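**Q** Need a 3D model of the sequence below.
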Amino acid sequence: MLSSEQIDSFWQNGYLTVENAVNSEQLRQLRTQLNSWVDESRSHSTPFGPLTLDGRARFDMGQEHSPEQPALRRVNNPSDISKDYFAVMSDAATVDMVCDLIGPHVKFHHCKINLKLPGSNTEVGYHQDFGYTPHTNDDVVTALLMLDDMTADNGCLNVVPGSHTGPVHSLFNDTTFVGVVENSVTQRLRPQEVPIYGDAGSVCLMHTRLVHGSAPNHSPQSRALYICVYSAADAFPLAKSPMANPNEGIIVRGEKTRTARLSESQVELPEQPTSASFFTVIGQASKDNT
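**A** Residues are numbered from 1 along each chain as shown. Prediction:
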């Protein structure tokens, strides 16, 4: 699926954007399902939906949420409850792209939708995914599929090229797990930041150690990402998944192995979330009128 130049670019920069990662029908199905979940959220004032495997609410809204202006911001593991999301997670072209990077034996870890509706205050501070999902090695790739056009105005992803080759930064503030790097690291890396733009249907493939974040949506256009995390078959989790799901560990390409490949000598273990989404961990409360 990927050229040698694209593969080299990924390993040099820590990310790669590819157009037309899903076909028009797949994109239509995903967007139709998401729109139905947004409409459903209008009738809720607290996190809701069929519980995840670890007993948390599946749908989470920001405090600014209202029936008139919904602020649904997270769907945990949509592949659990939607055949269309499962099909893309398990067998879209994006999976083959991941194989080109870390394959040929690849397994699924978890997925989610991060959504910034118009008027939403959702933003994400700098962090590395590896701090949330440490593995025995870092052949772990996050595929961020754009369900909407991603622009400068609607809270696009921002990345720090090459940061995947640097240190794994702590996501703790003293003894408290805050889910973002400390301010001094943010200030040092911010000048190197690069925005990721793309049309709906494009994917950004991101190395698990790449520093990234995003700003709020200041436009009238939605910005939704379907985010699937994959690892090499011989990369085994060192902590419980932050989004436990019945499909964790399924082989999506190649074959499974019982041998773990080790590459990290020291890894900081995260704290496990108890709320509906990690947005509360990074200081953005969920909608709750009770």
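
**Q** going forward, measure contacts between C-alpha atoms and count neighbours the same way
**A** OK.

**Q** Give me the most central residue, this structure.
**A** Centre of the chain computed as the mean C-alpha position; nearest residue by Cα atoms, centre = their mean is Ile227, 4.1 Å away.

**Q** distance of Thr133 from Val185?
**A** To Val185, Thr133 is 20 Å away according to Cα to Cα, to the nearest Å.

**Q** residue ranges with poor pLDDT in the stretch 1-150 of the chain?
**A** Counting by pLDDT under 70, the stretch 1-150 of the chain shows no low-confidence range.

**Q** related to what we said a few turns ago, who has more neighbours out of Thr133 and Val185?
**A** Thr133 (23 against 14; other Cα atoms under 10 Å).

**Q** residues near the nearest residue to Arg261 once chain neighbours are set aside, how many?
**A** Spatial nearest neighbour of Arg261, excluding adjacent residues (Cα to Cα, 6 or more residues apart in numbering): Asp234 at 5.5 Å. Neighbourhood size, Asp234 [other Cα under 10 Å]: 20.

**Q** Please state the backbone phi and psi of Asp234?
**A** Dihedral pair for Asp234: phi -100, psi 10, per degrees, to the nearest 10.

**Q** And the helices in the stretch 51-200 of the chain?
**A** Ranges of helices in the stretch 51-200 of the chain, per DSSP state H, counting those that start in this stretch, are 83-91, 93-102, 183-189.

**Q** Leu205 sits in which helix or strand?
**A** According to DSSP states H and E, Leu205 maps onto strand 203-207.

**Q** Direction included, what does the following helix or strand past that strand pair against?
**A** Scanning forward in sequence from strand 203-207 by DSSP H and E, the next helix or strand is strand 212-214. Strand 212-214 pairs in its sheet with strand 124-127 (antiparallel), strand 157-159 (antiparallel), by DSSP bridges.

**Q** Can you name the residues in contact with the last one?
**A** Contact with strand 157-159 is made by Glu193, Val194, Pro195, Ile196, Tyr197, Leu210, Val211, His212, Gly213, Ser214, Ala215, as judged by Cα atoms under 8 Å, 6 or more residues apart in numbering.

**Q** picking that back up, and of the strands paired with strand 212-214, who's closest to Gly283?
**A** strand 124-127 (9.8 Å; Cα to Cα).

**Q** I would like the residues contacting the closest one, please.
**A** 169, 171, 179-181, 186, 211-215, 279, 282.

**Q** With stretch 232-246 instead?
**A** With Cα under 8 Å, 6+ apart, stretch 232-246 has contacts from 52-54, 76-77, 80, 102-107, 109-111, 132-140, 251, 255-262, 269-270, 272-273.

**Q** do stretch 79-92 as well
**A** 21-22, 26, 29-30, 78, 95, 108, 111, 228, 245-247, 252.

**Q** Now the buried members of those.
**A** Buried subset of these (neighbour count, 16 or more other Cα atoms under 10 Å): Ala21, Val22, Gln26, Leu30, Pro78, Val95, Phe108, Cys111, Cys228, Asn245, Asn247, Val252.

**Q** Could you list which of these belong to strands?
**A** Phe108, Cys111, Cys228, Val252 (DSSP state E).

**Q** returning to that earlier point: a markdown table for the buried ones among the contacts of stretch 79-92, including distance to Met206?
**A** Formatted as a markdown table, the buried ones among the contacts of stretch 79-92 follow (distance: Cα to Cα, whole Å):
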| residue | distance to Met206 |
| --- | --- |
| Ala21 | 14 |
| Val22 | 17 |
| Gln26 | 21 |
| Leu30 | 21 |
| Pro78 | 20 |
| Val95 | 13 |
| Phe108 | 15 |
| Cys111 | 14 |
| Cys228 | 10 |
| Asn245 | 22 |
| Asn247 | 21 |
| Val252 | 18 |
